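J.: Structure of the sequence below:
(one chain, ligands or ions: 1)
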Amino acid sequence: MCFKPECFKPDKLSGVHLIGSKSRICLILIAALMLTEGALAAEARIQVLNDQQEAMDNVVVIIEPEGHALAAASAGMTAQVDQVDRQFVPHVQLVQAGTEVNFPNFDDIRHHVYSFSDAKRFELPLYKGTPSEPVLFDQSGIVTLACNIHDWMLGYLYVTDSPWYALTDPSGHAAITVPEASHYLVRVWHPSLGADNAGVEERFSADQLNNISMTLAEQSASGGRRQLRRSTRYP
Ligand SMILES: [Cu+2]
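T.: Coordinates of the predicted model:
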């Protein structure tokens, strides 16, 4: 086999001569579009800490890139909130508006799951196993989940219009791939804020996006009011 540059003429590359000039232009355009798509993605990295500088997991993180429409959830998006050992698992579930959620009961007793929240009022009367129909969550907001039988059972379903979201992991981190924009609105929420508080949002520029740190601080001096302090670490 020849590896000299003169040997790599187009007519020696199998298949190339089978593609017409119009097809070649199409292929070049598709390749260019794919490259453009790739270049338009940015990585958001957020860490949420409490006021003792400890990592907070299960914090809802939602990003809205400025100038980008919040695309609707694609049809058929599903999620689930289990009942295990008389608890909702996960304690916080995060879905995009338009998602259908199943509530399977893995306990050997019956549960009666309901919500009176404005974003979704529903009721799944006493059942075992998985109810035959999922519940559609088509409106953004915080849905508090409870069980009519077991008063201590409490869970949250955070419904967002944005397709760019994640929950923080045990190290307090969330990484979200977002489209490129000059600025981003980052919203965070944790159950300790309460269901009536949609969360705290801050605006960040593109060059801050991959190193955002937010602190969830309890303000005991102002009557126990909780709020978020924002800080951005620079290298
Ligand atoms: Cu129950």
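J.: For Glu54, see how far away the spatially most central residue of the chain is.
T.: Geometric centre of the chain, nearest residue: Tyr165, 2.2 Å, by Cα atoms, centre = their mean. Noted for Tyr165: a distance of 23 Å to Glu54, by Cβ to Cβ, to the nearest Å. For every residue, glycine as well, the C-beta is placed using N, CA and C.
J.: who does the residue nearest to the centre of the chain bridge with?
T.: Ile62 (DSSP bridges).
J.: How about the residues of the protein by the ion?
T.: Residues of the chain lying close to the ion (Cβ under 5 Å from the ion) are His111, Cys147, Ile149, His150.
J.: Quick check: which element contains the closest residue to the third one other than its chain neighbours?
T.: Looking back up the chat, that one is Ile149. Spatially, and ignoring its direct neighbours in sequence, Ile149 is nearest to His112 (5.3 Å; Cβ to Cβ, 6 or more residues apart in numbering). Assessed by DSSP states H and E, His112 sits inside strand 111-117.
J.: now swap in Thr144 and tell me
T.: Using DSSP H and E, Thr144 falls in strand 141-147.
J.: which helices and strands does that strand pack with?
T.: Packing contacts for strand 141-147, counted by 3 or more Cβ pairs under 8 Å, 6 or more residues apart in numbering; DSSP states H and E, involve strand 111-117, strand 154-160.
J.: can you give me the helices in the protein?
T.: Using DSSP state H, the helices of the chain run over residues 21-39.
J.: And the pLDDT at Asn50?
T.: In this model, Asn50 is scored at 88, pLDDT.
J.: Quick check: the gap between it and the ion.
T.: In this view, Asn50 and the ion are 30 Å apart by Cβ to the ion, to the nearest Å.
J.: Tell me the bridge partners for that residue.
T.: With DSSP bridges as the rule, Asn50 is bridged to Leu216.
J.: and if you look at Val135?
T.: Applying DSSP bridges, one finds that Val135 bridges with Val101.
J.: Quick one: residues contacting it.
T.: Going by Cβ atoms under 8 Å, 6 or more residues apart in numbering, Val135 touches Glu100, Val101, Asn102, Phe103, Lys120, Phe122, Leu124.
J.: Turn these into TSV, columns for neighbour count.
T.: Supplementary listing: the contacts of Val135 in TSV, determined by neighbours: other Cβ atoms under 10 Å:
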residue	neighbour count
Glu100	18
Val101	21
Asn102	15
Phe103	21
Lys120	20
Phe122	16
Leu124	17
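J.: In CSV, list the C-alpha atoms belonging to stretch 54-63.
T.: Provided in CSV are the C-alpha atoms of stretch 54-63 (Å, rounded to 0.1, in the frame of the first residue of the first chain):
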residue,chain,number,x,y,z
GLU,A,54,-20.9,21.8,53.3
ALA,A,55,-22.0,20.3,50.0
MET,A,56,-25.8,20.2,49.5
ASP,A,57,-27.3,17.4,47.4
ASN,A,58,-30.7,17.2,45.8
VAL,A,59,-30.7,20.9,45.1
VAL,A,60,-32.8,21.8,42.0
VAL,A,61,-30.7,23.7,39.4
ILE,A,62,-32.4,25.2,36.4
ILE,A,63,-30.7,27.3,33.7
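J.: Hey, what's the angle from the strand holding Thr144 to strand 154-160? Just curious.
T.: On the basis of axes from the mean of the first three to the mean of the last three Cα atoms, to 10 degrees, strand 141-147 is oriented at 160 degrees to strand 154-160.
J.: So what angle separates the directions of strand 141-147 and strand 111-117?
T.: Using the same axes, to 10 degrees: strand 141-147 against strand 111-117 is 150 degrees.
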